[in-house]
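[1] My questions concern the predicted model and sequence given below.
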Amino acid sequence: MTTKLFGEPVRRREDARLIIGKGRYLDDIGHTALAAAFVRSPHAHARITDIDVERALDVEGLIAIYTYDDLTGPMAEPLPVLIPHPQLTAPRTNYPLARDIVRHVGEAVVMVIATDRYIAEDAAERIVVSYEELPVVVGVDAAHAAKAAVHDDVPDNVAARHHQETGDVEPALAASPRTLSFTQYIERSASMPMEGKGVHARWDADDRSLRVYSSTQASTSVRAAIAAKLELSLDKVEVIAPDVGGGFGVKIVHPWPEELLIPMAAIALGAEVKWAEDRREHFISSAHERQQRQDITVGYDDEGRITALDVRVLHDHGAYTPYGIIVPIITATQLVGPYVIPVYRVRIDSVYTNTVIVTPYRGAGRPQACYAMERTMDRIADELGIDRALVRERNLIQPDQFPYDHHLTFQDGRPVIYDSGDYPGLMDKLKTLVGWDSVDALRTDAAARGKHLGIGMALYVEGTGPGPYEGGHVQVLGSGKVLVSTGLTSQGQGHETAFAQIVASELGVPIEDIEVTTGDTRRFGYAVGTFASRAAVMSGNAIALAARGVREKALRIAADVLEAAPEDLEIDEGLIQVKGVPGTSIPLRTVAVLSNPLRYAFDEAAKQATQFTTHDDSKPPVAVGDAPGLEHRDYYSPLRSTFASGAHAAIVEIDPATWEIDIVKYAVVHDCGNVVNPMIVEGQVQGGVAQGVGGALYERMVYDQDGQLQNASYMDFLMPYSSEVPDVVIDHQTTPSPLNPLGIKGAGEAGVIPGTAAIASAIEDAVGRRISSMPISPTELYDLVRNPDSELTAVAAGRAGTGVMA
Amino acid sequence: MNLDGSAVLSASPEQVWSVITDPAVLARTIPGCETLEQVGDDEYKMNVSVGVGAIRGTYAGEVKLSDKQHPTSYVMHASGAGAPGNARAQVTINLEPADGGKTNLTYSADAVIGGPVAGVGQRMITGVAKRMAGQFFKAIDAELTGTAAPAAAAAAPAAATASDASLVAGGAPVAAAPAVFAGKAGEHVRTSGDVQSLLMGAVGGALLTLIGILVGYRLGRLR
């Protein structure tokens, strides 16, 4: 009897080919394709006065040069606002190639096509674009001050005012025993997948059809966008996401200008065209996320219980809003975390700046939300002199309070109702795992070695698996091979393994027989995309339902052949047999053959299904309502998002000579409901923690006042190496989701969400100075500590003078 | 697609008109011109090869003149095709006297480009057209100032047939002996008339312009 693979740490099946160079990434496709390169704006805000291509004409191998003037029909219109919202009152998007005005360094102005990328760049370099510079707006505070406008017709730079409230917060604050207010900042970072964006397009002039490969997280929707913009019928466009070397959110917004321009050129030139971005292009023309200024006022009692919470946020949205205000909405709705907040008001102004657009990066607004809520908890604890864990415990939603309705509207347009969870359980496990109550001993020990030790924690709740739906298709072939497909995409999450595990478990076939295809509109046409930690929840469930449909049909056919009742049958290792009667069996592959009544036998196995071999005169070969073949297609559409949760704690040691911040322990307690593959989930968590550490200590986009990105390369944009990322100790909790058949919740983003908050808390604990801006570098920490005006924490003031704390 | 431009030439409008209507001059000043041949009243055929990027190729074209007002203006209608694509255009040419005995020549072209070449983008097409116009006017100016070097023998295949007086493009009999002018060969082949063939390339305005100017040559001009 095979072990059911669901829940087993099955080794990833896709890794073998990816590690030995047999992956097929975008740049592996189309060796003979023409290459594209772009002339991008060097100015943050300017009017284009002239484009002179004269000198480029001498470049041997140049094929074509396009500017906005070459765009016609829907291509000449702005890119779509993907997610409209009534509060997004001033949405603005860019044109595929800049029209008159550029609004951030990196905006594409000219596309050059040549026989190879080197030549295309040579030609692009010789194109002279003349600009008249315009005033530049950088940073949320400057956008708010609005001395200059990013868009002429949006003089206050406000794209949207997102507002949710659950009661009357001002009287509630006034009536609170205590209140405190503070301001804090969190800085921009970016997804930085190892593989940048890329597009390859091929136009078949004979049947007038287009095939596009794009390194995207949403191939189905890119297909629809390309069809609409290039005025092609949907059935004439295919979009495939090949192997993708990481997305982390940046590949969810679409259509990128390049996703439209490359197919356009392929059609115009009747040739294959390809573009793969380089790292600098990724820095200045993809997307960033995270910058916010947060103004928080909280009311609480002497026990630390929150009575009211009022949050104002300025959210930096970059120059355009193609993804709508999803990120601020997520911040607004996830801020409440695992706590009871009697009255909550959140107002987030999304402001325009002359910088790269802001679209989701792993976490998508949740890290900012967690930072706001958890740092509020830290401050309450500090004011009252109460343990930071205890204050949190006093506010937690209790296990018997589910489903818990926060009376907020989530990013999927549905209510924020927590379906299941055990937050006190998370807290207990975390304290044990990190040794919360025994940290003083560690502190003393570190001090003896001359280091400042601090500990911090952060809890979060994460809405995962939003809809509208995903689908799954499972088919058993006569060879025994099981084909599985779903429309959403993969960027390294291990879908080929996890989805195969689900089918192996549901259908009783060896996992080696299963082949999974994702992100290919030729195989599965209806899908949404990979984002918001939804793939396992959505496609996992849809595939399970499809597999169950196949199983049901297989048993029905087998029951006929074996002359048994379907409920007496079981499938194991691809063999259907009567329970407890080993001799009476039929292979699943034979059932697959029999399921398709044949006239023509093309091989030995097929003979079994031909008309003179098997027939029953009283019935037609294919029954009414049935279909030939052993396959099934099904969909999962959730009532609302399912809420995963977790708790992280970090212990840091700070060297008072260099102010280097060393994370000596990082503990994670993680609850994502039922788990398909615990090894994959732990990998996701570890990867997320790496990005959390990056965001807390190393990564920020440095824009100067002229809107120039000063660190647009890995020399200056610091990403942690493995030496900077701590080994994570992980404990699990499982509160299954009641909302879907498999009981699973999403796990993709969990690792990154509390990183900044937990580490800020730990550093603050170590040095006794208020941390109100993240990320923080050793230099900044040093400046903070020696600045006589920086705020001391109450705890530090209380501790008897230890060096820096005095 | 529109293309406008101008050039200052070092002679009076009458002198400019006569030079730019000399078929031998034109054959050696139109960039890439391989052959010129007259095929009717104010109608010419020409072969031109262009060498820039995707526009590279040889184009065969036809040109017809109208609204001639010597020596100030005329309109040229042109069309042409080659492997890379095809074009159709209408070009208005104006000659005005300028200071110092010079001429201000302005052209305004309205063109429709089709075929694969149409896909290379407007700036590329107009860029190539402007460049060729620039090369042409520079060469014309050299002719006017007498600084044009005698052209080396070109490999233009038409040179071999220049002496074949019976060569008629399109098979239509022509009263005067037609001549085919070699591009860049520098031969002073004078014809008994209006034997100029112009080639209308798919390369937008420049060629159209050049053709337009070339077509300013009056029929029946004998040398």
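    Yep, it's here.

[2] Please count neighbours and contacts with C-alpha atoms only from this point.
    OK.

[3] Next, count neighbours for the residue in the stretch 401-550 of chain A that chain B sits nearest to.
    Taking Cα to the nearest Cα, chain B has its nearest neighbour within the stretch 401-550 of chain A at A:Thr521, 27.7 Å off. Using other Cα atoms under 10 Å in any protein chain shown, A:Thr521 has 23 neighbouring residues.

[4] And the residue lying closest to B:Gly115 once chain neighbours are set aside, how close does it get to A:Pro96?
    Distances taken as Cα to Cα, 6 or more residues apart in numbering or on different chains put B:Gly85 closest to B:Gly115, at 4.2 Å, once the chain neighbours are dropped. Separation of B:Gly85 from A:Pro96 (Cα to Cα, to the nearest Å): 26 Å.

[5] what about these two, which has more around it?
    Using other Cα under 10 Å, the more surrounded residue of B:Gly85 and A:Pro96 is A:Pro96, with 26 against 21.

[6] in chain B, which helix or strand is least confident?
    helix B:158-161 (a mean of 36; mean pLDDT, DSSP states H and E).

[7] what is residue 108 paired to in the beta sheet?
    This is for chain A. Beta-bridge pairing for A:Ala108 (DSSP bridges): A:Arg40.

[8] try again with chain B
    Bridge pairing for B:Ser108 - DSSP bridges - gives B:Asp4, B:Thr92.

[9] Show the model's pLDDT score for it.
    In this model, B:Ser108 is scored at 93, pLDDT.

[10] Hmm, it is touching B:Met76, no?
    No: B:Ser108 lies out of contact with B:Met76 (Cα atoms under 8 Å); the separation is 10.4 Å.

[11] Between the two, which contacts overlap?
    B:Val91, B:Thr92, B:Ile93 (Cα atoms under 8 Å, 6 or more residues apart in numbering or on different chains).

[12] Can you flag the buried ones in those?
    Among those, those scoring as buried are B:Val91, B:Thr92, B:Ile93 (criterion: 16 or more other Cα atoms under 10 Å in any protein chain shown).

[13] one step back: when B:Ser108 and B:Met76 are compared, which one has more neighbours?
    B:Met76 (27 against 19).

[14] Tell me if that one really is in a helix.
    No: counting by DSSP: H, G, I helix; E, B strand; the rest coil, B:Met76 falls outside a helix, being strand.

[15] from what I can see it touches B:Thr92, true?
    Yes: in this structure, B:Met76 is within contact of B:Thr92 by Cα under 8 Å, at 6.4 Å.

[16] and A:Leu180, bridged to which residues?
    According to DSSP bridges, beta-bridge pairing links A:Leu180 with A:Val298.

[17] What about it, how many residues nearby?
    Neighbours around A:Leu180, by other Cα under 10 Å: 14.

[18] circling back to that earlier point, please list all residues in contact with the residue of the stretch 401-550 of chain A closest to chain B.
    A:Ser219, A:Thr220, A:Arg223, A:Glu238, A:Val239, A:Ile240, A:Gly487.

[19] and with 7 Å instead?
    By Cα atoms under 7 Å, 6 or more residues apart in numbering or on different chains, the residues touching A:Thr521 are A:Ser219, A:Thr220, A:Glu238, A:Val239, A:Ile240, A:Gly487.

[20] A:Ile744 too?
    A:Val537, A:Cys672, A:Gly673, A:Asn674, A:Val675, A:Pro736, A:Ser737.

[21] tell me which parts of the stretch 1-150 of chain A are close to chain B?
    By Cα under 7 Å from any Cα of the partner chain, the residues of the stretch 1-150 of chain A that approach chain B are A:Val53, A:Glu54, A:Leu57, A:Glu60, A:Gly61, A:Leu62, A:Ile63, A:Ala64, A:Ile65, A:Tyr66, A:Asp70.

[22] Next up, phi/psi of A:Gln608, please.
    With angles defined as degrees, to the nearest 10, A:Gln608 sits at phi -60, psi -20.

[23] circling back: does the residue nearest to B:Gly115 touch B:Gly114 like I think?
    Yes: at 5.7 Å, B:Gly85 and B:Gly114 qualify as touching, with contact defined as Cα atoms under 7 Å.

[24] pretty sure A:Ala276 is touching A:Ile29, no?
    No: taking contacts as Cα under 7 Å, A:Ala276 lies outside contact range of A:Ile29: 10.5 Å.

[25] mind listing the helices for chain B?
    Secondary structure of chain B, counting by DSSP state H: helices at B:13-20, B:23-29, B:122-144, B:158-161, B:204-214.

[26] I'd like the next helix or strand past whatever helix or strand A:Ala389 lives in.
    With elements taken from DSSP states H and E, the one containing A:Ala389 is helix A:388-395. For helix A:388-395, the following helix or strand on the C-terminal side (DSSP H and E) is strand A:404-409.

[27] so after that following strand, what's the next helix or strand?
    Using DSSP H and E, the helix or strand that follows strand A:404-409 in sequence is strand A:415-418.

[28] Give me the helices and strands touching that following strand, please.
    Contact here means 3 or more Cα pairs under 7 Å, 6 or more residues apart in numbering or on different chains; DSSP states H and E; on that basis strand A:415-418 packs against strand A:404-409.

[29] coming back round to it: tell me which of the helices of chain B sits nearest to A:Asp116.
    Each of those has some distance to A:Asp116 by Cα to Cα; the shortest is helix B:122-144, at 17.6 Å.

[30] can you list the residues of chain A near chain B?
    Residues of chain A lying near chain B (Cα under 7 Å from any Cα): A:53-54, A:57, A:60-66, A:70, A:268-269.

[31] I'd like the residues you listed laid out as CSV, including neighbour count and pLDDT.
    Conversion of the residues of chain A next to chain B to CSV gives the following (neighbours: other Cα atoms under 10 Å in any protein chain shown; pLDDT from 0 to 100):
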residue, neighbour count, pLDDT
A:Val53, 22, 94
A:Glu54, 18, 91
A:Leu57, 23, 91
A:Glu60, 17, 91
A:Gly61, 20, 93
A:Leu62, 28, 94
A:Ile63, 29, 93
A:Ala64, 29, 95
A:Ile65, 30, 96
A:Tyr66, 22, 97
A:Asp70, 15, 95
A:Ala268, 18, 93
A:Leu269, 23, 92
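
[32] returning to that earlier point: quick check: the farthest pair among the contacts of A:Thr521?
    Across the contacts of A:Thr521, the longest distance by Cα to Cα is 12.2 Å; it joins A:Glu238 and A:Gly487.

[33] who has more neighbours, those two?
    Neighbours per residue, other Cα under 10 Å: of A:Glu238 and A:Gly487, the larger number sits with A:Gly487, 29 against 24.

[34] Pull the contacting residues for that one.
    Neighbours of A:Gly487 in contact, by Cα under 7 Å, 6+ apart: A:Thr220, A:Gly471, A:Thr518, A:Gly519, A:Asp520, A:Thr521, A:Phe524, A:Gly525, A:Tyr526, A:Ala527.
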